[in-house]
Each structure stands twice: as C-alpha cells, then as structure tokens.
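Engineer: give me the fold of what follows.
(3 chains)
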Amino acid sequence: MKVIQSHNLSKSYGKTTALNDLTFEIEENTITGLIGRNGAGKTTLLKIMAGHIQPTHGELRIYSQKPFNNLERSAGTILIDDSMMYPDSFRLVDILSEVAPFYANWNNTLANGLFDYFSFNPNQLHSNLSKGSKSTFNSIIGIASRCPLTLFDEPTTGMDSAVRKDFYKALLKDYLKHPRTIILSSHLLSELEEILEEILLIKQGSKRLHLPVMELKELAVGIRGNAQILQPFVEGKELIYREEFAKDNLYIVLRKELLQQEGEVMKQKGLEVFPISTDDLCVYLTASNKGGIDNVFKKD
Amino acid sequence: MSLKKIDPLSISLRLYFYKLKGYSVLLYGLILAQIIALLFSLNGISYMSSNNGELSVSVNTYSASLVIVFSLVWIFYTAIQLTTKRYKRIEIPLVTNNITGHLSDIGFLMTACFFGGLTSSLAGVLLRVIIYFTFDRSQVIVDQFFLPFIDLLLGAAVSALYMILISAIGYLIGVLTKVSMAFVIVIPTVILGLLRVYADFVQTLVAFFTRETSFPLFVLKVLITSMLLFGFSFLLSNRREAVQ
Amino acid sequence: MNAMISLLLIFLIVIVIVFFIPVVRAKLFTLLSWKITLTLAGLYLGILMMIVPILYILPENCLIKNNETKDQVVATSQNLISDLYNKRVPSERDLSKLEGIYKNSSHTFNADSNHLSVNIQASTGSRHVFIERKAVDDGQIGVSSYATAQYIGDVNFTKLISPPTFTLQNGTLSLKPPGHQILNFKQLNADFTINQFSNRNYAIHELSTNFGEQIVYIRVPKSLVIDKGQHTDQIQMVDPVVQF
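Structural biologist: Numbers count the residues shown, from 1 in each chain, chains lettered A, B, ... in the order given. Next up, the predicted model:
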C-alpha cells in the first residue's frame, strides 16, 4: 500500500523554488532516507508531509488525504526536527508525560527507558539542552510516539557518534517490532544506509532518484586510470562524475549497466574498476557541476 | 492501517490542558501586575482638598480599578503573544490543526480571564483590609468600604467579561499581524486616525460597552462581540501556514 | 506607609528585571514547573478569597459614618442663621439641640466690669457673634461656640472642628481662633466594573465641600453695657423677646 503519493509537487517561497515538480510514492512500513544537499528541499518536503505547510502546485497525499490542516493526519504523523519547542513550564520529564496523551500508540516504557539510557536530567528544561541532547531528546519522542508516519528531519544533528549509533539501533529495533513508515532526512548517507530500505535522492527540489538501497549499491562503478586508455571506453556514455585528479589521470563514475562486458577488458588494460559507495554516489549525483570542488582550483 | 476517527473537541481539550500547564508561567505576569497595581492603589487614585482659610479638608479616594486595568493590559499582551510564532511552534510536536489550535488558545485565554477577573476584583477586598489595618481608621469613610458580596461577584464577572473582550481584540490583532506584517503599521495608524477624525465614533464604540447599565445586555454584547472577533481570527488564519 | 510601598515597589522592580535576564530566567523556570506555578496561582486566589470573610467581620463602628440627610441638615442650619439675624431666637436655648448644629465649647465667665467689649481677631473667617441679654442680672457671661453642619461629600465633619478659645479680661471678651486645622479622609470607591451597573452615578458622587458657619453665642446679664467697637457688622444683638 502506498502511504505517500506525491504528484508534481512544487513549493516556492516568493521567487525561490524549494520543491520542483516532485513525483514519487512511498510504500507503507518502509524506512526511507530522504537525501540531499543543504537547501535541496528536504525540510520543505517533510513539512508538507507533516501538514505544516501546503504545496504551491501539485499535491501530496498521505493515506490519500491532504495533510495540511488535517487533524486526522496530524494524529498519525509526527515530524521530529530541531525547531520543536516546548513550554518553559515543562521540564524534560513533564514533556514526556504531557506529549503522551496526543499519540494513540505512545509507549511510555520505551520513552522512559530511552530517557534513562541517554541519562537525561529529568528536571532540565528543553531550551537549556545542548544541540545534540536536544536532537536526542526529540528523537526519543519520535520513536516512542510510534506514529504510523514518523518523519525525522536531520535527527542526528549535534549527536556524537556513539549516540547516533544508539539512536539508529533503537529506531531499527522498535521499527522491527512495530513496523511503521519512517522517513529520515540527512545529507550523510554512510551511517544511515544500514537501516534504510529506500533512498529518495533530491537535488535542488527535484527528484534525482528513488531506489531501494540494495539497488543503489549496485548502481554505479568507478574507473580510475590513464586518461588516454580510459577515454575510448567511455566515449559517448553518460558519466555520473568525471575528475582529472592528476596529470593524465582520469576518474569517472558511470552506471554499471553501461559498462556491460567491458569491465574485464579495462582491468586487463591496467584500469582500476571498483564499486562506489552509496555515500559518494549520492554526492556525485547531487553535485551541481561535474568536476566538483577541484574545478575551482584548476582555473589558475 | 485504519485510523480511528479523531474528534476535534477531545483534541482541543487535550491541547487546552497542555497549554494550561505549559503557558502557566504567564500567570506570574498577571499576579505581578496585580500586586504592582495594588501597591500603586495604596497611594489613592484621586485626591481633592478644600480650604476656607481656617480649615483644610481633603479626601483621598481609593479603589482597585487600577488592578483591573493592569489585568486588562496583561490579557491584551498575552492574547497577542499566543498568536506569535514562538507559541505556535509549541503546537508542532502535538496533534493539532488550525481549529483545535485556536479553540485551545481561546480556552486558555478564557481561563486566564476567569482567573484574572476573580483575582482583580478580590484585590479590592485586599486593598480594603490593608487600609483598615494600616491606615488611621478614624479617617476612613464607611461608605463603599464594606462592598456587598453580590457587588463583589458582579465585579468579578464584569472584569472577566472585559478581559474576554480585550483578549478577543488582542488575539485578532495578533492574527492580523501574522497575515501581514503591514498590519503592524496599519493598526496603530487606523486607531490613531479613528481617534482623530472619528472621535465621536470611537466614543460611541467604547460607550457601547462602558455605558451599558443592564448587566444581561452587557453580557450579551461582550460575548457576541468576542465571538465575532474570535471567529474572524479563525477565518483569517484557517488557510494559512502557521509556522514556516 | 509610603516608605513601605516604595520598598515593595523596588523589590518588585528587581523581580521584573531579574525576570528579563535570560540566564536567571532560565534558572528560575527550572524551579518553576507548571505544578509549582499552578499551585502558587491557586494559593494566590485562595488567599484573596480568604480575605473576603475577614472584610465582613471587621467592626465598622470605628469608621466614619456618612449622613444621608445631608441636604436637609444643611438647610436647617442655614435657616437658623437667618433667623438669628432676624432677631428670632429658637425657644430652645441650647442651639445644639437643633439638627445640624454642634456645640464646640461652652464657658461661663463672671462679669468683671459693667461693660463688655468683644474682641474678634481679624482673620476669624465666617464667625457670627450673637449677644442675647438675659432677663436677670446674675453677673455671669455665658459663651458658647457652635458650628453648623459642614460636609465633604456625604461626610459630616462638624464635630471635628476645633473651637476658638475665649478669655475675659477687664470687660473684654477675646476670641482666639484655633490654628489652621487640617482634616483628611479616606474614601473607598467600588471598582468601575461595579459602578457601571449600580445606580451610583459618577456625577452625584463627586465630592463637594460645604463649609458651614461658626456661631458664637453670648448671653450677658441684663444691665451689661455692650460695646460693639469696630465689629458692628459681625456682632448682632438678639432680642430675647421675639421668640418662635
């Protein structure tokens, strides 16, 4: 069953376009990574899903309902981001007990367990937490609310790596026990990839690709070697990335399917053929111009 | 998965209790304002004196009206506050939409009005008791010193109603400024303009409430006006993105 | 009293300033969870409500009563003055038995000479001196001073007026007015929220002062020679024959 259906979704703030003609569907009970560079429109997309803002054009439906200003949708969705605010009269321990009545599937044991595990001071104020602790605390709410649609916007901002790993583990464990649709946005794919099933890659508000993680891993290969030898092989093929990293040395990335049987031949000719990590691939796919940052330095 | 029907009223009620607890800090502002006003009131609100050469007679007049005025200022400020982004962001982690958000805001404001109306009227009693014990009793005139209990109740109800009216005005102003920042300039200009050019009209408007001597009619006027103002705030913000 | 108010005000201002310093505010808020806040707000309301019964058990007899029959009293006392000028003396010899007239002081002097001159100091204000001849020669001069009804608002302060002092020496009765007297009253007003619906009208309740007259009534032996001196217009002989 499709939980999220987005059709030609666009959102602009004045003259700036945040989302541009976005069409995709997300299956129920999957964990999807929403990957993109800063300013690619991840937050905007999540806010539209959460119903905080409405699209300028096109539509997005969740359980075939428009989420904006929709109470039923709000009850089934939670968006965890760093703009979450709680009243100053609530200490951390109050927040957990006060938010609970709003979510039908809220699990108190889980919330308190995670709260203790991350050793929060129950009497602290949310606004006094450090950035990392705030993210951790918000994530506890995201996990414990067990909303049918749980959205995390850059949930690990500020967390140290041990906490990140714990968070991903906790999320995954609870997800396996209580499947739900989860979307995580991030610009870092490497550590997320373990728990993701699908990846929705957006670039400047447009969909770049939407694939299961498994397919993404197999999507492309990198070839490195002498430019003169490499050039004939890739002539006329669409390159995902191309970089001249030393004199006469070329590094290219292209779709695996374009290579077919040529891989073996390349290896024999002394070219290095290797798989590309999803993280790097995403960077290449969302690069605004081929050649990357090196091009800036090449000009002089 | 199938979703059970979500009842807006029960959600509003939950939001109301959340806000009642969460915004309770605001009550310190009210209590502080009332205590300060009470202290000012101890100096008397008016003074008149006559002299015939051999004899000066003066009368200091005391009343707790200032406490009510301060409470009105507080509720106005509070109502505007509730419409600000800062407070709207508090709703984000919760289940809400525009209607439930507004309903729970109004619920909080009504509770604050009830509390403020009651306390500001009772402040008059506190003022009298303070005067009784700290001032020279032989100078205190008995008239209106012992307020009839029924007047006390009336006073509490009327100040609560005035607070409701002011909160509805403040809330609408808050919503208007969210619709467009232009209103930040437009509203004071319009008010000043009205005061200068249509002073009579403004007076009539104010007198519509302050010169009403029938209590039931007053209740009706305040409630209907407040409902219209709140309703207008609903309509203005219903299709708007509260937080961007 | 004022020192106490200023101290409290300074204290409150400090609280307000502290409230707006973010660091202190954050610390404060950590302590003030909603449970504490709502408890304090409830306590505040509770204290105010507990004061209500205290107000009603306060004894009122030490406060100043106000007189509802003010206009009538003022009229009576003014009639008396004109009667006296028309040489009509009420059958009641003690003027204070009349409504609105209060006796300040009463002295009896033994006449030390066969004539009497009355010395009124220049700045005595509106003080009327009436002299009545008694039917007998008992050698006694009776001097009484009275004040007619004096009001500020509805409060009759006639009784609080100090009398002049009298001395008789070598046939001269000297009147020395009391020093400048200052009377201060404290009036409590109901809040505007109550006044709007009670029948009390603002205009009526405006405090007006009504300074009455002061009368010196001297009764002299039948054959005493009266020397009016320079005060002929202020000293009036009253013919005892004409009575009403």
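Engineer: just the strands in chain B please.
Structural biologist: Using DSSP state E, the strands of chain B run over B:46-51, B:55-62.
Engineer: contacting residues for residue C:76?
Structural biologist: By C-beta atoms under 8 Å, 6 or more residues apart in numbering or on different chains, the contact set of residue C:76 is C:98-100, C:149. For glycine as for every other residue, the C-beta is placed from the backbone atoms N, C-alpha and C.
Engineer: out of these, which touch chain A?
Structural biologist: For chain A, no contacts are drawn from these by C-beta under 8 Å from any C-beta of the partner chain.
Engineer: tell me the one of those residues nearest chain B?
Structural biologist: Using C-beta to the nearest C-beta, residue C:149 comes nearest to chain B of the contacts of residue C:76, at 13.4 Å.
Engineer: quick one, what contacts the closest one?
Structural biologist: Residue C:149 touches C:70, C:73-74, C:76-77, C:100-101, C:156, C:158, C:210, C:212, counting by C-beta under 8 Å, 6+ apart.
Engineer: check which helix or strand the nearest residue to residue A:133 once chain neighbours are set aside maps to.
Structural biologist: Among residues not flanking residue A:133 along the chain, residue A:120 sits closest, at 7.2 Å (C-beta to C-beta, 6 or more residues apart in numbering or on different chains). Using DSSP states H and E, residue A:120 falls within no helix or strand.
Engineer: neighbours around residue A:120, how many?
Structural biologist: For residue A:120, the count of nearby residues is 18 (other C-beta atoms under 10 Å in any protein chain shown).
Engineer: gap between it and residue C:34?
Structural biologist: For residue A:120, the distance to residue C:34 equals 18 Å [C-beta to C-beta, to the nearest Å].
Engineer: for residue A:22, same thing?
Structural biologist: Distance, residue A:22 to residue C:34, using C-beta to C-beta: 42 Å.
Engineer: before we move on, back to that, quick check: helices, which of the contacts of residue C:149 are part of them?
Structural biologist: If you go by DSSP state H, these have C:70, C:73-74, C:76-77 in helices.
Engineer: using a markdown table, lay out these together with pLDDT.
Structural biologist: Converted to a markdown table, these look like this (pLDDT from 0 to 100):
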| residue | pLDDT |
| --- | --- |
| C:70 | 73 |
| C:73 | 77 |
| C:74 | 78 |
| C:76 | 78 |
| C:77 | 77 |
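Engineer: neighbour-wise, which of those leads?
Structural biologist: residue C:77 (25 neighbours).
Engineer: my guess is it contacts residue C:96, does it?
Structural biologist: No: Residue C:77 lies out of contact with residue C:96 (C-beta atoms under 8 Å); the separation is 11.1 Å.
Engineer: low-confidence ranges, chain A, go.
Structural biologist: Applying pLDDT under 70 to chain A flags the ranges A:288-300.
Engineer: need the contact list for residue 118.
Structural biologist: Went with chain A since none was named. Taking C-beta under 8 Å, 6+ apart, one finds A:133, A:136-137, A:140, A:163, A:166 in contact with residue A:118.
Engineer: you answered for a different chain; I wanted chain C.
Structural biologist: Applying C-beta under 8 Å, 6+ apart to residue C:118 gives the contacts C:129, C:131, C:172-173, C:175, C:218, C:228-229, C:231, C:235.
Engineer: for it, identify the helix or strand it belongs to.
Structural biologist: For residue C:118, the enclosing helix or strand under DSSP H and E is strand C:115-120.
Engineer: residue C:228 - nearest residue in space that isn't next to it in sequence?
Structural biologist: Nearest to residue C:228 is residue C:235, by C-beta to C-beta, 6+ apart, at 5.0 Å.
Engineer: quick revisit: select, out of the strands of chain B, the one closest to chain C.
Structural biologist: strand B:46-51 (3.7 Å).
Engineer: this completes my enquiry, with thanks.
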